[in-house]
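Trainee: sequence plus predicted model, see below.
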Amino acid sequence: MFEGFTRKKLRANGVEINTLVKGDGPPLLLLHGYPQSHLIWHRVAPALARHYTVVATDLRGYGDSEKPAGLADHSNYSKREMARDQVEVMRQLGFESFYLCGHDRGGRVSHRLAVDHPNAVKRMMLLDISPTLTMYEQTSMEFARAYWWWFFLIQPTPFPEAMVAAAPETFLQKKIGWGHAGLSAFTPETYAAYLAHVSDPATMHAMCEDYRAAASIDLEHDRADRAAGKKVSCPIHAIWGEHGVVARCFKPVEDWRQVADDVRGSTLPCGHYIPEEVSEALLQEMLAFFRA
């Protein structure tokens, strides 16, 4: 996986961020979701590197990036800080502006990055999410049952961390195996890596902190943007899986138009794990959108 990519550990915003780079075209930053790492892009990144300088990182707290202990207010896992990590990584690589694609948690970091650093993002693709504030405000029984980890992982430490530590593989299979493709979307190598992530106490704590921040300080930042009328200015292409929970419970294009000026959207025939379920279809969407 990621043959020919250069691996770097870059210190950005006070934390070490695991970074993979390949290509010599326009810069494209890829941000993964939970409970995963840069590995989600293994089926699309090599092809993208023929057209772009692809940068695939592990978010703060994930994969091989640094995992600081969470602060009392969870601010060091706010999407504001996680977005600042990525902006500083790109600057260290020589890129003041870039294309951006984020899946799941990476999409939430991307949203905050585009709001806080509007000159940094040329175009942004968001995979299988609606805005965090929208999703919490419109939580239904169907959504709560389907996205149970949103409400489990935000419980105070060390409760969820201890529960996962007692049966990490049971937890992982429940989390990533519940969707349309089951476990078939994941290779033995990626599955083993994701299991290692949830089995590691420091990583599991960091992932919980990501969700705790999403249910607290991130909502404060989002509400402040709403009150100030502050929106994403770059073009957005939202993509969601037609068999996923987001498709059933939300209206991504309408939802993103509440917080952004220029939004288009489309579905793909898959569930939540778009880069691993329908990589070729996603690749074509990315090439078309980022070339426009």
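Mentor: Great, that's in hand.
Trainee: I'd say residue 179 and residue 276 touch.
Mentor: No: in this structure residue 179 lies outside contact range of residue 276 using C-beta atoms under 8 Å: 10.6 Å. All C-beta atoms are positioned from the backbone trio N, CA, C, and that covers glycine.
Trainee: what about those two, which has more around it?
Mentor: Neighbours were counted for residue 179 and for residue 276 using other C-beta atoms under 10 Å; residue 276 has more, 24 against 20.
Trainee: tell me which element the more buried one falls in.
Mentor: helix 274-277 (DSSP states H and E).
Trainee: distance between that helix and the chain's centre?
Mentor: With C-alpha atoms, centre = their mean, to the nearest Å as the basis, helix 274-277 stands 13 Å off its chain's centre.
Trainee: so what touches the next helix or strand after that helix?
Mentor: Beyond helix 274-277 on the C-terminal side, the first helix or strand identified by DSSP H and E is helix 279-291. Applying C-beta atoms under 8 Å, 6 or more residues apart in numbering, the external contacts of helix 279-291 come out as 26, 28, 43-44, 47-48, 51-52, 99, 101, 123, 125, 127, 237, 239, 266, 268-270, 274-275.
Trainee: can you rerun that using 7 Å?
Mentor: Helix 279-291 is contacted by residues 28, 43-44, 47-48, 51, 99, 101, 123, 125, 237, 239, 268, 274-275 when judged by C-beta atoms under 7 Å, 6 or more residues apart in numbering.
Trainee: tell me the pLDDT of the residue sitting furthest away from the middle of the chain.
Mentor: Most distant residue from the mean C-alpha position of the chain: residue 166, 26.0 Å away (C-alpha atoms, centre = their mean). Per-residue pLDDT puts residue 166 at 98.
Trainee: quickly name whichever of the contacts of helix 279-291 is closest to residue 75.
Mentor: Closest to residue 75 out of the contacts of helix 279-291 is residue 101 (25.9 Å), distances taken as C-beta to C-beta.
Trainee: and the helix or strand hosting that closest one, what does it pack onto?
Mentor: Secondary structure assignment for residue 101, by DSSP H and E: strand 98-103. Counting contacts by 3 or more C-beta pairs under 7 Å, 6 or more residues apart in numbering; DSSP states H and E, strand 98-103 is packed against strand 27-31, helix 105-116, strand 121-127.
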